[in-house]
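Colleague: Pasted the sequence and its predicted model underneath.
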Amino acid sequence: MSTDYKSIIRPLMGDYRYIHSCNVAEEAVILAKLYGCDEEKAYTAGILHDITKEFPKEEQLQIIRDGGIILDDVQKNAPKLWHSVSGSVYIQTHLGLTDEDVINAIRYHTTGRANMSLLEKIIYTADYTSAERSYNGADVMREKSRNSLEEAMIFSCQFTLQNLSEKQAAIHPDQLFCYNDLVLHKA
């Protein structure tokens, strides 16, 4: 890898987030090899996917505003979604990345969306299946990811949709579009 992204992200995050980011990058490379995606792009998107996650909320919002992005009502009320949007802007403005696929993989790694690229699916899945993940269903998700990205993503969407609905939390439309797209285009 030509750029040392580990040294860039290290001062921006605590130990857990740094380890998670490294693990997501490693998992993304494994999935890229398995599914025929560019491994360097997978590593780059994986290592950078949470680059702004530990930034103060106001700083994340300022990055989003500076990027000309207007959050929708669900996003405005879901600060957990901000880092993916602010991260996609940050990597462009502060790191000079211009690869749209890497930018979109970071932007949509939390919600997914309809018509995701292979790289977007890999980063979305790697975030759920990285080595330190131990939530109920993590092993099932890892196993599914080795057979079908789409099946793993359907599983994760079901998990997320159920979790959010049980909490009576808003569900971002991109998450629903992602789920519907996956289900409607199952092979």
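Modeller: Cool, the structure landed.

Colleague: Quick check: phi and psi on the residue nearest to the spatial centre of the chain?
Modeller: Geometric centre of the chain, nearest residue: H109, 2.1 Å, by CA atoms, centre = their mean. With angles defined as degrees, to the nearest 10, H109 sits at phi -70, psi -20.

Colleague: Would you confirm that it contacts Y124?
Modeller: Yes: here H109 reaches Y124: they are 5.3 Å apart, a contact under CB atoms under 8 Å. Backbone N, C-alpha and C define where each C-beta goes, glycine included.

Colleague: okay, now the closest residue to Q158 other than its chain neighbours: neighbour count?
Modeller: Counting by CB to CB, 6 or more residues apart in numbering, Q158 lies nearest to Y179, which is 7.6 Å off, once chain neighbours are set aside. Residues near Y179, counting by other CB atoms under 10 Å, number 20.

Colleague: and Y179, which of the three is it?
Modeller: Secondary structure, DSSP: H, G, I helix; E, B strand; the rest coil: Y179 is helix.

Colleague: And the pLDDT for it?
Modeller: Looking at Y179, its pLDDT reads 98.

Colleague: wait, it sits on F159?
Modeller: No: between Y179 and F159 there is no contact under CB under 8 Å: 10.8 Å.

Colleague: how far does the longest helix belonging to the chain sit from the chain's center?
Modeller: Counting residues, the longest helix found in the chain (DSSP state H) is helix 15-35. Using CA atoms, centre = their mean, to the nearest Å, the mean C-alpha position of helix 15-35 is found 11 Å from that of the whole chain.

Colleague: again with stretch 169-181
Modeller: On the basis of CA atoms, centre = their mean, stretch 169-181 sits 14 Å off its chain's mean C-alpha point.

Colleague: Would you mind pulling the contact partners of it?
Modeller: Residues outside stretch 169-181 that contact it (CB atoms under 8 Å, 6 or more residues apart in numbering) are 72-75, 77-78, 81, 108, 111-116, 153-154, 157-158, 160-161, 164-165.

Colleague: What are the buried residues along it?
Modeller: Residues of stretch 169-181 classed as buried by neighbour count (16 or more other CB atoms under 10 Å): A170, I171, H172, D174, Q175, L176, F177, C178, Y179, D181.

Colleague: Could I get the average pLDDT for stretch 75-95?
Modeller: The model assigns stretch 75-95 a mean pLDDT of 97.
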